[in-house]
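Colleague: Attaching a predicted model along with its sequence, questions to come.
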Amino acid sequence: METNSPWRGVIDLARRAYPGFVFGGAVDAAILPVFHFHGVTKEYLEPHFAYLRENGYRTVSADEVAHFVRTGKQPGEKAVALNFDDAWASSWTVATPLLRQYGLLATVFVVPGRVPKDDILRPSITDADGASRDVDRSAVPFATWPELRAMQGTGVWDIQAHTFAHAMVFSDDARLGFVTPDYKPHIHNAPNVGKPTEPHFLSASDLGAPLYGARSRMSDVLRYDDPDMRKRCLDAVQAGGGAAFLRIRAGSRN
């Protein structure tokens, strides 16, 4: 269930991604409905939780989902799973207080390599000062370790892993361009050019770094990388004046 595109719901509906009970039908004994969230707001999330609570649905843990997958035995009438991908900051500031309010359980899939090093515990929507509406687009877009520990302590979260770095990697030696000051991919689309357990995701600060075709590290793709070429490009741009060097080069091609 996405909030970043008005078309996503239409596409999911056409793909029959919504179970029949959403439209008033019964829950098929052969399925376990799973609701999938990323970043959320109170206005978006609360109606979903209110509906589940008011209509007697029970939320299940990751272990119960795994048992259902292994055995095919449904974990009970009106059982549903709530999954939050990536542990966005709003899973702490918005989803946690709403889960507690409505007495629901959810699973959050954390990406350890993306967890910020910031030692902070930000206010939630129930705190006096409230929570930032743009927390998922802030400089600290994911829940921190203190926030994850606090989430675990509430008893309303089942915390699981979602790969180590959720990384894209270069997979093709055909160069597509270079990093410029305008390089601003989605946070999950910036390729990891570091080590698997010590990731370094390309950003606009890597001026001049070559860009190649990239795919998810979770796929079967073979990784392509040329650290020596990247270093030569970074050094050349820095020696030539950084962003000014790139603007001059771009102007000479026009």
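Modeller: Cool, the structure landed. Numbers count the residues shown, from 1 in each chain.

Colleague: and residue 177, what are its phi and psi?
Modeller: Here is the backbone geometry of residue 177 (degrees, to the nearest 10): phi 160, psi -160.

Colleague: If you could redo that for residue 92, that was the one I meant.
Modeller: phi -90, psi -50.

Colleague: Count the neighbours of it for me.
Modeller: 27 (other Cβ atoms under 10 Å). For glycine as for every other residue, the C-beta is placed from the backbone atoms N, C-alpha and C.

Colleague: Quick check: it touching residue 124?
Modeller: Yes - contact criterion Cβ atoms under 8 Å: residue 92 and residue 124 qualify, at 6.7 Å.

Colleague: And the helices in the stretch 51-200 of the chain, which stretches?
Modeller: Shown for the stretch 51-200 of the chain, the helices assigned by DSSP state H, counting those that start in this stretch span residues 62-71, 90, 96-102, 145-154.

Colleague: what's the average pLDDT for the second one?
Modeller: What helix 90 shows for mean pLDDT is 97.

Colleague: Centre of the chain to it, how far?
Modeller: How far helix 90 lies from its chain's middle: 11 Å, per Cα atoms, centre = their mean, to the nearest Å.

Colleague: Now tell me what touches it from outside.
Modeller: If you take Cβ atoms under 8 Å, 6 or more residues apart in numbering as the criterion, helix 90 is touched by 39-41, 131, 135-136.

Colleague: any chance of these in JSON lines, with pLDDT, neighbour count and distance to residue 61 too?
Modeller: JSON lines is the format used below for the contacts of helix 90 (pLDDT from 0 to 100; neighbours: other Cβ atoms under 10 Å; distance: Cβ to Cβ, whole Å):
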{"residue": "39", "pLDDT": "95", "neighbour count": "23", "distance to residue 61": "22"}
{"residue": "40", "pLDDT": "96", "neighbour count": "21", "distance to residue 61": "20"}
{"residue": "41", "pLDDT": "95", "neighbour count": "16", "distance to residue 61": "25"}
{"residue": "131", "pLDDT": "86", "neighbour count": "20", "distance to residue 61": "26"}
{"residue": "135", "pLDDT": "94", "neighbour count": "23", "distance to residue 61": "26"}
{"residue": "136", "pLDDT": "94", "neighbour count": "23", "distance to residue 61": "25"}
